[in-house]
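Trainee: Return atomic coordinates for the entry below.
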Amino acid sequence: MSAGREAGRQRPRASWLAGRTLSARLITGVLLLLVGACAIIGVVTYLAVRGSMVSALDGQLRSASITYVTCIEATHQDATGQGGGQAQPGGEPDGYQPPPNSNNCSQGQPQGMLGVRIKNGVITNCGVVNGMHNQECPPLSAADKRALMALPVYHPTYPSTPNQTTPWSNTAYTVRLTSLDADYRVTAVAGHDGDILITGLAMTTVDSTLSQVALAELIVFLSVLLLAGVLGTALVRLSLRPLRRVAATAAHVAELPLDSGEVSLPAGVPYSDPRTEVGRVGAAFNRMLYHVEKALGRRAASEARLRRFAADASHELRTPLSAIRGYAELALRNPGPVPEDVTHALRRVQSESVRMGVLVDDLLLLARLDAGRPLEREPVDLSRLVIDVTSDARVARGDHRWQLDLPDEPVLVEGDEHRLHQVLANLMSNAGQHTPPGSTVSVALAVPGTDPDSPASPKGPDTPAADGAATVQRGVRPSGPRVELSITDDGPGIRPELLPDLFERFTRADTSRARDLGAAGKSTGLGLAIVDAVVAAHGGSITVTSRPGRTRFAIFLLLLPEPADMADVPG
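Mentor: Residues are numbered from 1 along each chain as shown. Take a look at the predicted model:
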């Protein structure tokens, strides 16, 4: 469970990255690299400037500390008349007088220098250089006092004679003094008589300079990122323009009907230098289009030759088949005695010639429809046509229950009445042949709303989501005012694996639906192919939904935009 939750948490990040275009990912990657480079440069520059300024400030502090300590020690020596003294336990040396706030110790010192003297844990002197004078610093808080007293103290080796120099290598520290509202670089030096002399320089100038450096870096880096984003976007888009052309051409090819007929493919995409990746993609895509177009052309020529052969063969076979039927009928009318086996053979020849004639007529019709020959276009009363075909089915299949549901007003469509009659007859014959006796076949005619629906699978209780029925659709459902003609039976249904090829030529139902073996043996396997071709020629679509106990064929045709005069409808 924890692994599944972890995978669920990681999936959105992967989908966010995968859902971005190549140009967006390239630009984002470049900007991220620039952000990282700018951050590194900014941090290194900031630290380098700070180190340089602090080092300079420490050098200035060292010089100020030497001057301040020397001045304070000399002032103390003058006040006591000795270079040092023996300190009494818990007190000052013999003859000690507190050093005054010596103004001469501020001469030559940096502005704002802090000087503090600590004796026996007590701050005895605290001054800040202001101009040429040394003024008392504000009262220090307890925290500031603790911070100053906690500083490491440097113990220099003072010279024994006035001509010797003092080695000075004290270390500076940064201390925040809230009483003075500033950060100070300070150093603590031990005096002759055990006092501690603290010298400090404010870091106000350093902090101000670093703030200006950080602001300047931020402005410069943001400007660089903005400029890099704009120029990088333009450059990436310009570089990927041939790739976008390839994508647009591929999308256009994907929308073309490549399954049958002649297909006109686009001319290809212009590609630049074939040494580049995009150029190689464009060249390969153009070669692929050439080969696909060549293959489709060969397939279209083969289909055209096959259609011409089927049409020519069907046309040529009609005459000899008619002759065979005529001679068989003539032989059967012979008044003389004919052996029984010869009579049976003649009847079989007549029956098979009739069946072959039907097959030839169906093949010729399909060839004409494939060739795009126009059908008759006249107003057809679909309500009357449904009544007539249903009445014929009741007579032919009296062992079935036939139900009819029609609207109150006649439903008119524009088309070929003979071919539409053939469509209905094929569907009802199919329902009667492939359902057991006693089955119910419902024929319904309705005019749904005029709102355009998606040409996908039908909505309502017949969709797979509603009852698990398998569904297949042929053609695009008309988006305007339309009529729906449905034929539903309660037979065993069609196996789902057979549905995709149901409307292909010479496709026969499986044995589970072939209840009437005699009728199935006479079937040509072209009935539903004719239904599909005729409905497509009328600009309609057909949808089949099937499950055990319910099979439904629904035909959608375009309704006449204006009601026609019933007197003009052929009756």
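Trainee: wait, residue 491 sits on residue 435?
Mentor: Yes - counting by Cβ atoms under 8 Å, residue 491 touches residue 435, with 3.4 Å between them. Where you see a C-beta, it was placed from the backbone N, CA and C, and this is true even at glycine.
Trainee: Note down every partner strand of the helix or strand containing residue 544 and its orientation.
Mentor: Per DSSP states H and E, residue 544 falls inside strand 541-547. Strand 541-547 has the following sheet partners, assigned by DSSP bridges: strand 470-474 (antiparallel), strand 550-558 (antiparallel).
Trainee: in stretch 487-499, what's buried?
Mentor: When burial is assessed from 16 or more other Cβ atoms under 10 Å, stretch 487-499 yields the following buried residues: 487, 488, 489, 490, 491, 492, 493, 494, 498, 499.
Trainee: for stretch 148-155, that is, sorry about that
Mentor: 148, 149, 151, 154.
Trainee: can you list contacts of it?
Mentor: Stretch 148-155 has contacts (Cβ atoms under 8 Å, 6 or more residues apart in numbering) with 116, 118, 121, 123, 140, 169-171, 173, 175, 186-190, 196, 198.
Trainee: Narrow these to those that are buried.
Mentor: Going by neighbour count (16+ other Cβ under 10 Å), the contacts of stretch 148-155 have 116, 118, 123, 140, 170, 173, 175, 186-190, 196, 198 buried.
Trainee: Please render the residues you listed as JSON lines that adds distance to residue 533, pLDDT and secondary structure to the earlier fields.
Mentor: Listed next are the buried ones among the contacts of stretch 148-155 as JSON lines, based on distance: Cβ to Cβ, whole Å; pLDDT from 0 to 100; DSSP: H, G, I helix; E, B strand; the rest coil:
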{"residue": "116", "distance to residue 533": "107", "pLDDT": "88", "secondary structure": "strand"}
{"residue": "118", "distance to residue 533": "110", "pLDDT": "89", "secondary structure": "strand"}
{"residue": "123", "distance to residue 533": "109", "pLDDT": "86", "secondary structure": "strand"}
{"residue": "140", "distance to residue 533": "103", "pLDDT": "88", "secondary structure": "coil"}
{"residue": "170", "distance to residue 533": "104", "pLDDT": "65", "secondary structure": "coil"}
{"residue": "173", "distance to residue 533": "97", "pLDDT": "91", "secondary structure": "strand"}
{"residue": "175", "distance to residue 533": "96", "pLDDT": "91", "secondary structure": "strand"}
{"residue": "186", "distance to residue 533": "100", "pLDDT": "92", "secondary structure": "strand"}
{"residue": "187", "distance to residue 533": "102", "pLDDT": "91", "secondary structure": "strand"}
{"residue": "188", "distance to residue 533": "105", "pLDDT": "90", "secondary structure": "strand"}
{"residue": "189", "distance to residue 533": "109", "pLDDT": "89", "secondary structure": "strand"}
{"residue": "190", "distance to residue 533": "112", "pLDDT": "87", "secondary structure": "strand"}
{"residue": "196", "distance to residue 533": "110", "pLDDT": "89", "secondary structure": "strand"}
{"residue": "198", "distance to residue 533": "105", "pLDDT": "90", "secondary structure": "strand"}
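Trainee: State the pair within these that is farthest apart.
Mentor: 140 and 170 (21.5 Å; Cβ to Cβ).
Trainee: returning to what we had before: just the CA trace of the strand holding residue 544, in PDB.
Mentor: The C-alpha coordinates for strand 541-547 follow below in PDB (Å, rounded to 0.1, in the frame of the first residue of the first chain):
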ATOM      1  CA  SER A 541     -24.900   5.800 -40.400                       C
ATOM      2  CA  ILE A 542     -25.800   2.400 -38.900                       C
ATOM      3  CA  THR A 543     -25.100   1.300 -35.300                       C
ATOM      4  CA  VAL A 544     -25.300  -2.300 -34.000                       C
ATOM      5  CA  THR A 545     -25.500  -3.100 -30.300                       C
ATOM      6  CA  SER A 546     -25.700  -6.700 -29.200                       C
ATOM      7  CA  ARG A 547     -25.700  -8.900 -26.100                       C
END
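Trainee: list the buried ones in it?
Mentor: For strand 541-547, by 16+ other Cβ under 10 Å, it's 541, 542, 543, 544, 545, 546, 547.
Trainee: My read is that the second one contacts residue 477, right?
Mentor: This means residue 542. No - using Cβ under 8 Å, residue 542 is not in contact with residue 477; the gap is 9.5 Å.
Trainee: what residues are shared contacts of the two?
Mentor: Counting by Cβ under 8 Å, 6+ apart, the residues touching both residue 542 and residue 477 are residue 556.
Trainee: now the helices for the stretch 101-250 of the chain?
Mentor: Applying DSSP state H, counting those that start in this stretch to the stretch 101-250 of the chain gives helices spanning 142-149, 204-239, 241-254.
Trainee: In TSV, list those along with mean pLDDT and distance to residue 504.
Mentor: Formatted as TSV, the helices of the stretch 101-250 of the chain follow (pLDDT from 0 to 100; distance: least, Cβ to Cβ, whole Å):
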stretch	mean pLDDT	distance to residue 504
helix 142-149	90	93
helix 204-239	90	47
helix 241-254	81	24
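Trainee: Contacts only, for residue 418.
Mentor: Residues counted as contacts of residue 418 (Cβ under 8 Å, 6+ apart) are residue 376.
Trainee: Would you mark the buried spots in stretch 373-380?
Mentor: Counting neighbours by 16+ other Cβ under 10 Å, one finds that the buried residues in stretch 373-380 are 375, 379, 380.
Trainee: Quick check: phi and psi at residue 483.
Mentor: The phi and psi values for residue 483, taken as degrees, to the nearest 10, are phi -120, psi 140.
Trainee: Touching, residue 225 and residue 37? I think so.
Mentor: No - here residue 225 does not reach residue 37: they are 10.2 Å apart, not a contact under Cβ under 8 Å.
Trainee: Look at these two and report which has more neighbours.
Mentor: Taking other Cβ atoms under 10 Å, residue 225 and residue 37 do not tie; residue 225 has more neighbours (16 against 12).
Trainee: ok, now how distant is that one from residue 213?
Mentor: Relative to residue 213, residue 225 is positioned 18 Å away (Cβ to Cβ, to the nearest Å).
Trainee: Contact partners for the nearest residue to residue 324 once chain neighbours are set aside?
Mentor: Once flanking residues are discounted, residue 324 sits nearest to residue 353: 4.7 Å by Cβ to Cβ, 6 or more residues apart in numbering. Residue 353 makes contact with 321, 324, 325, 328 under the criterion Cβ under 8 Å, 6+ apart.
Trainee: pLDDT score assigned to the residue nearest to the last one when sequence neighbours are not counted?
Mentor: It refers to residue 328. Using Cβ to Cβ, 6+ apart and skipping the chain neighbours, the partner closest in space to residue 328 is residue 350 (4.1 Å). pLDDT recorded at residue 350 is 79.
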